[in-house]
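Student: give me a 3D structure for the following:
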Amino acid sequence: MRAIGLVISLCLAISAHASEDIPDQYPESALYSKPVEVIPHVWSAIGATAPPTYENSGHNNNLSFIVTGDGVIVVNGGAAYILAEALHQEIKAVTDQPVKLVIDENGQGHAMLGNSYWAEQGVPILAHVDAAHEIEERGNQILESMKRYNRDKAEGTFVAPPTETFEDKRIIEMGAFRIEVLHLGPAHGPGDTQVWLPEQSLVIAGDMAFHERMLPIFEDTVVADWLKTWESGFEALNATYVIPGHGHPTNMAQVRRYTRDYLIYLRGKIGDHLEEGGDLADAYYVDQSPYAHLDTYEELATKNAGRVYEQMEFE
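Tutor: From the prediction side, this is the model:
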(Lines give C-alpha, C1' and ligand atoms only; values in the text may rest on other atoms or scores of the structure.)
Protein backbone atom coordinates (compact mmCIF):
# COMPACT_ATOMS: atom_id res chain seq x y z
CA MET A 1 0.00 0.00 0.00
CA ARG A 2 2.91 2.35 0.71
CA ALA A 3 4.19 1.75 -2.83
CA ILE A 4 0.77 2.55 -4.24
CA GLY A 5 0.71 5.75 -2.23
CA LEU A 6 4.07 6.70 -3.70
CA VAL A 7 2.70 6.22 -7.22
CA ILE A 8 -0.25 8.48 -6.47
CA SER A 9 2.07 11.06 -4.89
CA LEU A 10 4.24 10.98 -8.01
CA CYS A 11 1.20 11.49 -10.22
CA LEU A 12 0.16 14.46 -8.09
CA ALA A 13 3.66 15.91 -8.33
CA ILE A 14 3.59 15.53 -12.10
CA SER A 15 0.16 17.14 -12.25
CA ALA A 16 1.54 20.27 -10.63
CA HIS A 17 3.52 20.76 -13.83
CA ALA A 18 0.73 19.73 -16.18
CA SER A 19 -0.28 22.41 -18.64
CA GLU A 20 -2.70 22.72 -21.49
CA ASP A 21 0.16 24.47 -23.33
CA ILE A 22 2.10 21.19 -23.76
CA PRO A 23 0.98 19.91 -27.20
CA ASP A 24 2.21 16.31 -26.88
CA GLN A 25 4.11 14.43 -24.16
CA TYR A 26 4.68 11.21 -26.13
CA PRO A 27 5.75 12.15 -29.69
CA GLU A 28 6.54 8.56 -30.72
CA SER A 29 2.87 7.58 -30.26
CA ALA A 30 -0.52 8.97 -31.25
CA LEU A 31 -1.28 8.96 -27.52
CA TYR A 32 -0.71 12.20 -25.63
CA SER A 33 1.17 10.36 -22.88
CA LYS A 34 2.52 6.89 -22.23
CA PRO A 35 0.28 4.78 -19.95
CA VAL A 36 1.29 4.65 -16.28
CA GLU A 37 0.48 1.90 -13.78
CA VAL A 38 -1.62 3.73 -11.21
CA ILE A 39 -1.96 0.74 -8.88
CA PRO A 40 -0.88 -2.82 -9.68
CA HIS A 41 -2.52 -4.01 -12.92
CA VAL A 42 -4.51 -0.78 -13.47
CA TRP A 43 -3.06 1.52 -16.13
CA SER A 44 -4.06 4.86 -17.61
CA ALA A 45 -2.85 6.97 -20.52
CA ILE A 46 -3.48 10.48 -19.24
CA GLY A 47 -4.82 12.86 -21.87
CA ALA A 48 -4.14 16.55 -22.38
CA THR A 49 -6.02 19.01 -20.17
CA ALA A 50 -6.59 21.16 -23.26
CA PRO A 51 -9.41 21.01 -25.80
CA PRO A 52 -8.96 18.42 -28.56
CA THR A 53 -6.46 19.48 -31.23
CA TYR A 54 -4.57 18.01 -34.16
CA GLU A 55 -1.41 18.06 -32.03
CA ASN A 56 -2.92 15.94 -29.26
CA SER A 57 -4.92 13.82 -31.75
CA GLY A 58 -8.03 14.38 -29.63
CA HIS A 59 -6.48 12.53 -26.69
CA ASN A 60 -7.70 14.93 -24.02
CA ASN A 61 -9.28 12.38 -21.69
CA ASN A 62 -7.97 9.33 -19.85
CA LEU A 63 -7.78 5.95 -21.56
CA SER A 64 -7.46 3.26 -18.93
CA PHE A 65 -7.11 -0.52 -18.86
CA ILE A 66 -7.24 -3.26 -16.24
CA VAL A 67 -5.06 -6.36 -16.63
CA THR A 68 -7.20 -8.86 -14.74
CA GLY A 69 -5.18 -12.05 -15.19
CA ASP A 70 -7.86 -13.48 -17.47
CA GLY A 71 -8.02 -10.71 -20.04
CA VAL A 72 -7.91 -6.94 -20.31
CA ILE A 73 -10.77 -4.49 -19.84
CA VAL A 74 -10.35 -1.11 -21.53
CA VAL A 75 -12.15 1.98 -20.25
CA ASN A 76 -12.88 4.38 -23.13
CA GLY A 77 -12.67 3.79 -26.84
CA GLY A 78 -10.84 7.07 -27.40
CA ALA A 79 -11.48 9.97 -29.76
CA ALA A 80 -10.29 8.27 -32.96
CA TYR A 81 -9.33 4.91 -34.46
CA ILE A 82 -5.66 5.92 -34.31
CA LEU A 83 -5.79 6.40 -30.51
CA ALA A 84 -7.45 3.05 -29.81
CA GLU A 85 -4.89 1.34 -32.03
CA ALA A 86 -2.04 3.11 -30.22
CA LEU A 87 -3.47 2.13 -26.84
CA HIS A 88 -3.68 -1.48 -27.97
CA GLN A 89 0.02 -1.41 -28.85
CA GLU A 90 0.78 -0.21 -25.32
CA ILE A 91 -1.40 -2.97 -23.84
CA LYS A 92 0.48 -5.58 -25.87
CA ALA A 93 3.76 -4.26 -24.46
CA VAL A 94 2.42 -4.85 -20.93
CA THR A 95 0.66 -8.20 -21.32
CA ASP A 96 -0.21 -10.94 -23.79
CA GLN A 97 -3.71 -11.20 -22.32
CA PRO A 98 -6.40 -10.38 -24.91
CA VAL A 99 -8.70 -7.38 -24.64
CA LYS A 100 -12.08 -8.83 -23.72
CA LEU A 101 -14.23 -5.73 -23.20
CA VAL A 102 -14.30 -1.98 -23.84
CA ILE A 103 -16.38 0.27 -21.57
CA ASP A 104 -17.39 3.76 -22.77
CA GLU A 105 -17.64 6.31 -19.94
CA ASN A 106 -20.34 8.27 -21.83
CA GLY A 107 -21.49 9.05 -25.37
CA GLN A 108 -19.01 11.85 -26.08
CA GLY A 109 -16.52 11.59 -28.92
CA HIS A 110 -13.45 11.10 -26.74
CA ALA A 111 -15.11 8.09 -25.14
CA MET A 112 -16.56 6.32 -28.15
CA LEU A 113 -15.15 7.21 -31.59
CA GLY A 114 -12.25 4.80 -31.09
CA ASN A 115 -14.84 2.04 -30.75
CA SER A 116 -14.34 1.70 -34.50
CA TYR A 117 -10.94 0.09 -33.95
CA TRP A 118 -12.15 -2.21 -31.18
CA ALA A 119 -15.19 -3.26 -33.23
CA GLU A 120 -12.82 -4.37 -36.00
CA GLN A 121 -10.98 -6.51 -33.43
CA GLY A 122 -14.27 -8.17 -32.47
CA VAL A 123 -14.16 -6.83 -28.91
CA PRO A 124 -17.54 -6.30 -27.16
CA ILE A 125 -18.32 -2.69 -26.25
CA LEU A 126 -20.40 -1.77 -23.19
CA ALA A 127 -22.14 1.56 -22.52
CA HIS A 128 -25.03 2.87 -20.47
CA VAL A 129 -28.36 2.94 -22.32
CA ASP A 130 -28.41 6.75 -22.32
CA ALA A 131 -24.89 6.90 -23.75
CA ALA A 132 -25.92 4.42 -26.42
CA HIS A 133 -28.87 6.67 -27.30
CA GLU A 134 -26.51 9.68 -27.49
CA ILE A 135 -24.24 7.77 -29.88
CA GLU A 136 -27.19 6.77 -32.03
CA GLU A 137 -28.60 10.30 -32.17
CA ARG A 138 -25.43 12.38 -32.41
CA GLY A 139 -22.67 9.99 -33.41
CA ASN A 140 -22.28 11.16 -37.01
CA GLN A 141 -22.30 14.82 -35.98
CA ILE A 142 -19.62 14.11 -33.35
CA LEU A 143 -17.56 12.23 -35.95
CA GLU A 144 -17.69 15.13 -38.41
CA SER A 145 -16.60 17.54 -35.68
CA MET A 146 -13.60 15.31 -34.89
CA LYS A 147 -12.65 15.15 -38.56
CA ARG A 148 -12.41 18.94 -38.74
CA TYR A 149 -9.59 19.16 -36.17
CA ASN A 150 -7.98 15.74 -36.67
CA ARG A 151 -7.93 15.79 -40.50
CA ASP A 152 -5.77 12.86 -41.71
CA LYS A 153 -5.63 11.43 -38.18
CA ALA A 154 -9.37 10.70 -38.47
CA GLU A 155 -8.71 8.03 -41.09
CA GLY A 156 -10.43 4.74 -40.31
CA THR A 157 -12.75 6.18 -37.68
CA PHE A 158 -16.46 5.45 -37.97
CA VAL A 159 -19.34 5.37 -35.52
CA ALA A 160 -19.44 1.95 -33.88
CA PRO A 161 -22.29 1.72 -31.36
CA PRO A 162 -22.00 -0.37 -28.20
CA THR A 163 -22.78 -4.05 -28.55
CA GLU A 164 -24.03 -4.26 -24.95
CA THR A 165 -25.83 -1.80 -22.65
CA PHE A 166 -26.71 -1.58 -18.96
CA GLU A 167 -28.97 0.61 -16.85
CA ASP A 168 -27.85 0.83 -13.20
CA LYS A 169 -25.01 -1.63 -12.70
CA ARG A 170 -23.05 -4.38 -14.43
CA ILE A 171 -20.89 -6.67 -12.29
CA ILE A 172 -17.89 -8.28 -13.99
CA GLU A 173 -15.82 -11.01 -12.32
CA MET A 174 -12.69 -11.46 -14.37
CA GLY A 175 -9.39 -12.91 -13.22
CA ALA A 176 -8.41 -11.41 -9.88
CA PHE A 177 -10.83 -8.48 -10.17
CA ARG A 178 -14.39 -7.68 -9.24
CA ILE A 179 -15.37 -4.76 -11.46
CA GLU A 180 -18.57 -2.80 -10.90
CA VAL A 181 -19.69 -0.73 -13.88
CA LEU A 182 -22.00 1.89 -12.39
CA HIS A 183 -24.41 4.60 -13.43
CA LEU A 184 -24.86 6.48 -10.16
CA GLY A 185 -27.34 8.99 -11.56
CA PRO A 186 -27.51 12.13 -13.70
CA ALA A 187 -24.29 14.13 -13.61
CA HIS A 188 -22.12 15.68 -16.31
CA GLY A 189 -23.95 14.19 -19.29
CA PRO A 190 -26.16 11.36 -20.55
CA GLY A 191 -25.01 7.90 -19.54
CA ASP A 192 -22.16 8.94 -17.24
CA THR A 193 -20.42 5.74 -16.15
CA GLN A 194 -18.04 4.97 -13.30
CA VAL A 195 -15.88 1.84 -13.06
CA TRP A 196 -15.45 0.87 -9.41
CA LEU A 197 -12.92 -1.64 -8.11
CA PRO A 198 -14.13 -2.19 -4.52
CA GLU A 199 -11.30 -4.48 -3.43
CA GLN A 200 -8.70 -1.93 -4.61
CA SER A 201 -10.76 1.11 -3.50
CA LEU A 202 -10.15 2.71 -6.90
CA VAL A 203 -12.73 4.39 -9.12
CA ILE A 204 -12.29 5.27 -12.77
CA ALA A 205 -14.66 8.19 -12.39
CA GLY A 206 -15.21 9.38 -15.94
CA ASP A 207 -16.69 12.86 -16.21
CA MET A 208 -18.24 12.68 -12.77
CA ALA A 209 -15.02 14.18 -11.39
CA PHE A 210 -12.55 16.88 -12.47
CA HIS A 211 -9.58 18.54 -10.78
CA GLU A 212 -6.85 19.90 -13.12
CA ARG A 213 -9.05 21.47 -15.75
CA MET A 214 -12.27 23.38 -15.34
CA LEU A 215 -15.29 21.18 -15.81
CA PRO A 216 -17.67 22.09 -18.64
CA ILE A 217 -21.39 22.55 -18.01
CA PHE A 218 -23.23 21.49 -21.15
CA GLU A 219 -26.75 22.35 -22.26
CA ASP A 220 -27.96 19.00 -20.93
CA THR A 221 -25.97 19.19 -17.66
CA VAL A 222 -28.29 19.82 -14.71
CA VAL A 223 -25.99 21.01 -11.94
CA ALA A 224 -28.46 20.39 -9.10
CA ASP A 225 -28.82 16.76 -10.22
CA TRP A 226 -25.05 16.35 -10.53
CA LEU A 227 -24.64 17.50 -6.92
CA LYS A 228 -27.34 15.10 -5.72
CA THR A 229 -25.68 12.20 -7.54
CA TRP A 230 -22.32 13.19 -6.10
CA GLU A 231 -23.62 13.16 -2.52
CA SER A 232 -25.82 10.08 -2.77
CA GLY A 233 -23.66 7.91 -5.02
CA PHE A 234 -20.14 9.01 -5.79
CA GLU A 235 -19.12 10.27 -2.35
CA ALA A 236 -20.52 7.10 -0.80
CA LEU A 237 -17.90 5.02 -2.62
CA ASN A 238 -15.27 6.57 -0.33
CA ALA A 239 -12.61 5.73 -2.91
CA THR A 240 -8.95 5.92 -1.95
CA TYR A 241 -7.78 6.37 -5.55
CA VAL A 242 -9.54 8.31 -8.29
CA ILE A 243 -8.73 8.24 -12.00
CA PRO A 244 -10.80 11.19 -13.21
CA GLY A 245 -12.14 11.65 -16.71
CA HIS A 246 -9.45 14.26 -17.34
CA GLY A 247 -6.18 14.87 -15.51
CA HIS A 248 -3.82 12.79 -13.40
CA PRO A 249 -4.84 10.14 -10.87
CA THR A 250 -5.66 11.71 -7.53
CA ASN A 251 -7.87 11.32 -4.46
CA MET A 252 -11.40 12.19 -3.39
CA ALA A 253 -10.36 15.39 -1.63
CA GLN A 254 -8.98 16.87 -4.86
CA VAL A 255 -11.92 16.00 -7.09
CA ARG A 256 -14.35 17.09 -4.37
CA ARG A 257 -12.62 20.47 -4.23
CA TYR A 258 -12.70 21.11 -7.96
CA THR A 259 -15.99 19.43 -8.87
CA ARG A 260 -18.55 19.42 -6.06
CA ASP A 261 -17.17 22.49 -4.32
CA TYR A 262 -16.88 24.40 -7.61
CA LEU A 263 -20.49 23.63 -8.54
CA ILE A 264 -21.68 24.74 -5.10
CA TYR A 265 -19.56 27.89 -5.35
CA LEU A 266 -20.89 28.80 -8.79
CA ARG A 267 -24.50 28.19 -7.79
CA GLY A 268 -23.92 30.42 -4.77
CA LYS A 269 -22.53 33.25 -6.90
CA ILE A 270 -25.37 32.98 -9.39
CA GLY A 271 -27.90 32.81 -6.54
CA ASP A 272 -26.53 36.07 -5.09
CA HIS A 273 -26.63 37.62 -8.56
CA LEU A 274 -30.29 36.64 -9.00
CA GLU A 275 -31.23 38.00 -5.59
CA GLU A 276 -29.71 41.34 -6.60
CA GLY A 277 -31.85 41.39 -9.75
CA GLY A 278 -28.93 40.67 -12.08
CA ASP A 279 -29.54 39.61 -15.66
CA LEU A 280 -27.97 36.98 -17.89
CA ALA A 281 -25.56 39.41 -19.58
CA ASP A 282 -23.90 40.22 -16.26
CA ALA A 283 -24.15 36.66 -14.94
CA TYR A 284 -21.39 35.58 -17.31
CA TYR A 285 -18.93 37.67 -15.33
CA VAL A 286 -19.60 36.61 -11.73
CA ASP A 287 -16.36 36.13 -9.82
CA GLN A 288 -14.79 32.71 -10.46
CA SER A 289 -11.23 33.82 -9.69
CA PRO A 290 -10.59 31.06 -7.10
CA TYR A 291 -10.61 28.64 -10.05
CA ALA A 292 -8.75 30.79 -12.59
CA HIS A 293 -5.63 28.59 -12.33
CA LEU A 294 -7.42 25.60 -13.86
CA ASP A 295 -6.76 24.67 -17.46
CA THR A 296 -9.63 25.57 -19.86
CA TYR A 297 -10.79 28.32 -17.47
CA GLU A 298 -10.71 30.90 -20.26
CA GLU A 299 -12.78 28.69 -22.55
CA LEU A 300 -15.39 27.59 -20.02
CA ALA A 301 -15.90 29.90 -17.04
CA THR A 302 -18.29 32.36 -18.68
CA LYS A 303 -20.24 29.60 -20.45
CA ASN A 304 -20.63 27.73 -17.18
CA ALA A 305 -21.95 30.82 -15.41
CA GLY A 306 -24.48 31.49 -18.14
CA ARG A 307 -25.82 27.95 -18.09
CA VAL A 308 -26.13 27.91 -14.30
CA TYR A 309 -28.02 31.22 -14.47
CA GLU A 310 -30.45 29.76 -17.00
CA GLN A 311 -31.03 26.75 -14.74
CA MET A 312 -31.47 28.71 -11.54
CA GLU A 313 -33.57 31.56 -12.96
CA PHE A 314 -36.80 29.58 -12.57
CA GLU A 315 -35.96 27.29 -9.65
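
Student: quick check, Gly268 in a helix?
Tutor: Yes. Counting by DSSP: H, G, I helix; E, B strand; the rest coil, Gly268 is found in a helix.

Student: state the distance from it to Gly306.
Tutor: The gap separating Gly268 from Gly306 is 16 Å, by C-beta to C-beta, to the nearest Å. Heads up, the C-betas are built off the backbone N, CA and C, glycines and all.

Student: neighbour count: the two, which is higher?
Tutor: Gly306 (18 against 11; other C-beta atoms under 10 Å).

Student: now the more buried one: how far from Ala187?
Tutor: From Gly306 over to Ala187 the distance is 20 Å, taken as C-beta to C-beta.

Student: what does Pro124 give?
Tutor: 25 Å.

Student: so those two - more neighbours on which side?
Tutor: The neighbour comparison of Pro124 against Ala187 (other C-beta under 10 Å) goes to Ala187, with 29 against 14.

Student: center of the chain - which residue?
Tutor: Gly245 (2.2 Å; C-alpha atoms, centre = their mean).

Student: quick one: contacts for that one?
Tutor: Under the criterion of C-beta atoms under 8 Å, 6 or more residues apart in numbering, the contact list for Gly245 reads 61-62, 105, 188, 205-210.

Student: contacts for the biggest helix by length in the chain?
Tutor: Of all segments of type helix in the chain, defined using DSSP state H, the longest is helix 129-150. Around helix 129-150, the neighbours that count as contacts under C-beta under 8 Å, 6+ apart are 52-54, 57-58, 79-80, 104, 106-109, 111-113, 127, 154, 157-159, 161-162, 165-167, 183, 189-193.

Student: so what's the residue nearest to the centre of the chain scoring on pLDDT?
Tutor: Turning to Gly245, the model gives it a pLDDT of 96.

Student: give me the distance between it and Val36.
Tutor: Taking C-beta to C-beta, one finds Gly245 at 16 Å from Val36.

Student: Gly109 too?
Tutor: With distances taken as C-beta to C-beta, Gly109 is found 24 Å from Val36.

Student: with Arg307 instead?
Tutor: Separation of Arg307 from Val36 (C-beta to C-beta) stands at 34 Å.
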